[in-house]
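S.K.: I would like to see how this sequence folds:
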Amino acid sequence: MKIGFVGLGHMGGPMCANLLAAGHAVRAFDIVPANVERAVARGAVKATSVADCVAGVEAVVTMLPSSPHVRSVYIGEAGVIAHARAGTLLVDSSTIDPLTAREVAFDAAARGLPMVDAPVSGGTAGAEAATLTFMVGGAERDFEAAKPLLACMGRNLVHCGAIGNGQVAKICNNLMLAIGMIATSEGMALAAKLGMDPKVFAGIVNTSSGRCWSSDTYNPYPGVLGNAPASRGYSGGFGADLMLKDLGLATEAARTAGVPVLAAALAQQLYQKHSADGHGGKDFSSIILQYLKAAP
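M.R.: Residues are numbered from 1 along each chain as shown. Predicted coordinates for the structure are as follows:
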């Protein structure tokens, strides 16, 4: 297929590369010239603007930082909706609020452009290995149309229902992940402070009722799991500031829905303090540093 790809950062770059590796013809655009040049080196055609990127393509994929970026790329005289030809499939893999996803898709539909929201889970490693999970919101026919493209970039493709529901799944999952990581951090830090060997304690937790993904796969205590970010200075992985962003999306969505999310609100404030303390660029499991006297 002829595909336009907008947003070639840490996630978008590898995703674009996987589309190219699968044999698709990709026109690539990003406001950072170096990102575009990397895509061109892998076989993409350089686009000079959003309008140029979507000219004559059959599908458009976007991976952007936030809701305002999605609005600016899709809406307006220079945006995707104004310049894509009718029938072009639009796939937005950004993580944004469900309301924005639905509003943009509504505008797209008015111009004859089918659209799905398809945020991802799996991080940069999953993007590079083409093993991402896509949580897809949109009409069944549009999900089916998007599947061949998504399968080039991911392994698990889940139809979550109507447009915007991909974002619902993403932010609610990350709300639970943040809370679980904080609970694991508190328990690990307390056990160590009370004299327990962290590895021994983790082994007990992971065969007991406290077990969760944050304890058995991504343990935040340094040295417990050799392949976890905690054992390499919290580098790589999913940034604390990205988790803070997703918590903000979740708590704002909860506000508009009238649903109390007390633990999520506390988690948001903990990650806000963590970011203010200068740890926003570290992996989100570094939240345990809030419970330790000093960074290990």
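
S.K.: check which helix or strand covers the nearest residue to residue 91 once chain neighbours are set aside.
M.R.: Once flanking residues are discounted, residue 91 sits nearest to residue 61: 4.8 Å by CB to CB, 6 or more residues apart in numbering. Bear in mind the C-beta positions are built from the backbone N, C-alpha and C, glycine included. Assessed by DSSP states H and E, residue 61 sits inside strand 59-62.

S.K.: Next SSE downstream of that strand?
M.R.: helix 67-74.

S.K.: immediately after that following helix, which helix or strand?
M.R.: Using DSSP H and E, the helix or strand that follows helix 67-74 towards the C-terminus is helix 80-83.

S.K.: Run the chain-centre distance for whichever helix or strand comes after that next one.
M.R.: Downstream of helix 80-83, the first helix or strand assigned by DSSP H and E is strand 89-92. Relative to its parent chain, strand 89-92 has a centroid offset of 16 Å by CA atoms, centre = their mean, to the nearest Å.

S.K.: before we move on, what about stretch 138-152?
M.R.: 18 Å.

S.K.: And stretch 41-60, how far out from the chain middle?
M.R.: That offset, for stretch 41-60, works out to 22 Å (CA atoms, centre = their mean).

S.K.: Now do the end-to-end distance for it.
M.R.: 20 Å (CA to CA, to the nearest Å).

S.K.: so for that stretch, what's the average pLDDT?
M.R.: For stretch 41-60, mean pLDDT rounds to 97.

S.K.: Please identify the buried residues of that stretch?
M.R.: For stretch 41-60, burial by neighbour count (16 or more other CB atoms under 10 Å) applies to 42-44, 47, 50-51, 53-54, 57-60.

S.K.: what sits up against it?
M.R.: Here stretch 41-60 makes contact (CB atoms under 8 Å, 6 or more residues apart in numbering) with 1-6, 16-17, 20, 25-29, 36-37, 39-40, 73, 78-80, 82-85, 88-91, 146, 149.

S.K.: List the strands paired with the strand holding residue 61, with their directions.
M.R.: strand 2-6 (parallel), strand 89-92 (parallel) (DSSP bridges).

S.K.: Any chance of JSON lines for these, columns mean neighbour count and mean pLDDT?
M.R.: Output for the strands paired with strand 59-62, formatted as JSON lines (neighbours: other CB atoms under 10 Å; pLDDT from 0 to 100):
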{"stretch": "strand 2-6", "mean neighbour count": "25", "mean pLDDT": "98"}
{"stretch": "strand 89-92", "mean neighbour count": "26", "mean pLDDT": "98"}
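
S.K.: now the ones you listed as a markdown table including distance to residue 229?
M.R.: Converted to a markdown table, the strands paired with strand 59-62 look like this (distance: least, CB to CB, whole Å):
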| stretch | distance to residue 229 |
| --- | --- |
| strand 2-6 | 28 |
| strand 89-92 | 28 |
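
S.K.: about what we covered before: what's the farthest-apart pair in the buried residues of stretch 41-60?
M.R.: Using CB to CB, the buried residues of stretch 41-60 span at most 22.8 Å, a distance reached by 42 and 51.

S.K.: can you give me the mean pLDDT across the longest helix belonging to the chain?
M.R.: In the chain, assigned by DSSP state H, the helix with the most residues is helix 165-193. The predicted model assigns helix 165-193 a mean pLDDT of 97.

S.K.: and it, which residues are buried?
M.R.: Under the neighbour-count criterion of 16+ other CB under 10 Å, helix 165-193 has 165-185, 187-189, 191-192 buried.
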